[in-house]
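>>> Quick one: sequence and predicted model below, then my questions.
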Amino acid sequence: MKDNSHIKPSTPLSPKGEQGARPKQIAILGSTGSIGTQALQVIAEHPDRFEARVLTANNQWELLSRQARQFMPAAVVIANEAHYHALRDAIADLPIAVYAGPEALCQVVESSEIDLVLTAMVGFAGLPPTIAAIRARKPIALANKETMVVAGELINGLCRQHQVPILPVDSEHSAIFQSIMGEQSPIEKIILTASGGPFRTFTHKLLETVTPAMALKHPNWDMGAKITIDSATMMNKGFEVIEAKWLFGVAPEAIQVVVHPQSVVHSAVQFTDGAVKAQLGVPDMRVPIQLAFSFPQRLQSSFERLDWYAMHDLTFERPDTERFRCLTLAYESLRLGGNMPCIVNAANEIVNRAFLEGNCRFLEMPDIIERTMQRATFIAKPTYDDYLATDSEARRIAASLLMATK
């Protein structure tokens, strides 16, 4: 009989420390990625305030095992079951529960000892465990923007039903969140800043020559490969527009994208009297991560401070939606509503991976996404099951369109 005991965390995680005096217990979904590793730096800086309760990864079991040794969580989960035995054997000498599989990701966040769930997984895969955490009434530190892109209306409804707060971790949405703290006035406009990526000044002809290696060199931010490519195409900014709509309850036309190459102004809010509040800082994701962990408090940190005398020029530009059509497609999907953003996200995940693997040209990506939007089944009022079906269908369509270009 196959041993499936590693699949399901069927018993509560054992307590760590005294209740009432313990540090905040944090589950990090995606601890081996860019956001996850920086979140662990925040925890290491404040061991009296935070503890890593659960760490998870998709494939990087070796890094996960090293993290487990350093931070001693109660449990670790490797989503790819093929790595279960390697991970289990690597930390067999430690009192850490080891689980595997997508279902375990959803089940482990339900532990009564977890105080906050950081959703730092990449892509659509972050949606099911985020929903599980919300249903378990766990506050969400949201770094997986695809959750709101794919199913923002569903997520908002679940948060209202279970009275769960979402604390934004994306630097832009954290900036907006900080700008509206304590405000009672309606938002007139959100100013969502974008660096413009590494190809901001490239002509259309130059964009035809872009390689994955070139696209992975972001001028300001240290991010994972997927989000770095999305930044280069400006699809990441399009997704942030969709996320902002659901997080802050504003109409798409009230969200203005402004290219700000210096990445000092992380975003701003304009109020009905014309006043604008912005959040500024160095481009360091640990700042919004720490705020999400400590909210409503701000904690001391050793992070770099903004040098006001070094800021000789702060510039702002209109985005070029002809050269960077992914931003236009994201706005269009938001206008159409329903499952269209889910379609866009699925197609984008396919072309993003294909580009990284050298199987899709840079300028082909928006073409494939747009054609997938035209072919996939549109559902005006999707359910959770509809989102799952839509994701599968759109991926198949995008993959077939890619094959047809070969």
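Alright, I've got the coordinates. Numbers count the residues shown, from 1 in each chain.

>>> and residue 381, how many neighbours?
For residue 381, the neighbour count with other CB atoms under 10 Å is 9. All C-beta atoms are positioned from the backbone trio N, CA, C, and that covers glycine.

>>> tell me the contacts of it?
By CB atoms under 8 Å, 6 or more residues apart in numbering, the residues touching residue 381 are residue 338.

>>> Tell me the secondary structure at it.
Three-state call for residue 381 (DSSP: H, G, I helix; E, B strand; the rest coil): coil.

>>> From residue 213, how far out is it?
Taking CB to CB, to the nearest Å as the measure, residue 381 falls 43 Å from residue 213.

>>> next one: residue 64
27 Å.

>>> Next: residue 74.
Distance from residue 74 to residue 213, by CB to CB: 40 Å.

>>> and the two? which has more neighbours close in?
Using other CB under 10 Å as the criterion, residue 74 and residue 213 rank with residue 74 on top: 24 against 7.

>>> pretty sure the more buried one is in contact with residue 113, am I right?
Yes. The criterion here is CB atoms under 8 Å, and residue 74 meets it with residue 113 at 7.1 Å.

>>> other SSEs contacting the biggest helix by length in the chain?
Using DSSP state H to define each element, the chain has its longest helix at helix 384-404. In this structure, helix 384-404 packs against helix 145-162, helix 340-356, helix 364-375, with contacts taken as 3 or more CB pairs under 8 Å, 6 or more residues apart in numbering; DSSP states H and E.

>>> What is the distance between the first one and the centre of its chain?
When C-alpha coordinates are averaged (CA atoms, centre = their mean, to the nearest Å), helix 145-162 and its chain have centres 13 Å apart.

>>> Can you tell me what sits against that helix?
Contacts made with helix 145-162 from outside it, assessed by CB under 8 Å, 6+ apart, are listed as 119, 122-124, 126-127, 130-131, 134-135, 137, 140, 142, 164-166, 170, 236, 239-240, 242-243, 245-247, 341-342, 344-345, 382, 384, 387, 391.

>>> Filter the residues you listed down to the buried ones and hand me the PyMOL line.
Listed next is the PyMOL selection for buried residues among these, using 16 or more other CB atoms under 10 Å:
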select buried, resi 119+122+123+124+126+127+130+131+134+140+142+164+166+170+236+239+240+242+243+245+246+247+341+342+344+345+382+387+391
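
>>> In helices only, show me the contacts of helix 145-162.
127, 130-131, 134-135, 236, 239-240, 242-243, 245-247, 341-342, 344-345, 384, 387, 391.

>>> pLDDT weak spots in the stretch 51-200 of the chain?
Low-confidence segments of the stretch 51-200 of the chain, defined by pLDDT under 70, are absent.

>>> measure the nearest residue to residue 356 once chain neighbours are set aside to residue 398 for me?
Nearest in space to residue 356, with sequence neighbours left out and distances taken as CB to CB, 6 or more residues apart in numbering, is residue 212 at 5.2 Å. Distance of residue 212 to residue 398, computed by CB to CB: 18 Å.

>>> Also residue 152?
On the measure of CB to CB, residue 152 and residue 398 end up 21 Å apart.

>>> Contacts only, for the nearest residue to residue 395 once chain neighbours are set aside.
Spatial nearest neighbour of residue 395, excluding adjacent residues (CB to CB, 6+ apart): residue 346 at 4.9 Å. Residue 346 is in contact with 124, 372, 390, 391, 392, 393, 394, 395, 398, counting by CB under 8 Å, 6+ apart.

>>> Greatest separation within the residues you listed: which pair is it?
Within the contacts of residue 346, 124 and 372 form the most distant pair, 14.1 Å apart (CB to CB).

>>> Residue 350 and residue 403 touch, don't they?
No. Judged on CB under 8 Å, residue 350 makes no contact with residue 403 at a distance of 10.9 Å.

>>> out of these two, which sits in the busier spot?
residue 350 (24 against 9).

>>> Pretty sure residue 268 sits against residue 276.
Yes. Using CB under 8 Å, residue 268 is in contact with residue 276, at 5.3 Å.

>>> what about residue 302, how many residues close to it?
Neighbour number of residue 302 under other CB under 10 Å is 8.

>>> Can we start the residue count at 59 from this point?
Sure thing, new numbering starts at 59, so read that last one as residue 360.

>>> Check for me that it belongs to a helix.
No. Counting by three-state DSSP, residue 360 falls outside a helix, being coil.

>>> Let me know the helix or strand that residue 336 is in.
Assigned by DSSP states H and E, residue 336 belongs to strand 334-338.

>>> Any chance you could list what contacts that strand?
Applying CB under 8 Å, 6+ apart, the set of residues contacting strand 334-338 is 232-234, 236-238, 241, 249, 322-329, 364.

>>> what does stretch 149-160 give?
Residues from elsewhere that reach stretch 149-160 (CB under 8 Å, 6+ apart): 64-67, 71, 123, 126-127, 130-139, 141-142, 145-146, 165-166, 183, 186.

>>> Return the subset of those residues lying in helices.
123, 126, 127, 142, 145, 146, 165, 166, 186.
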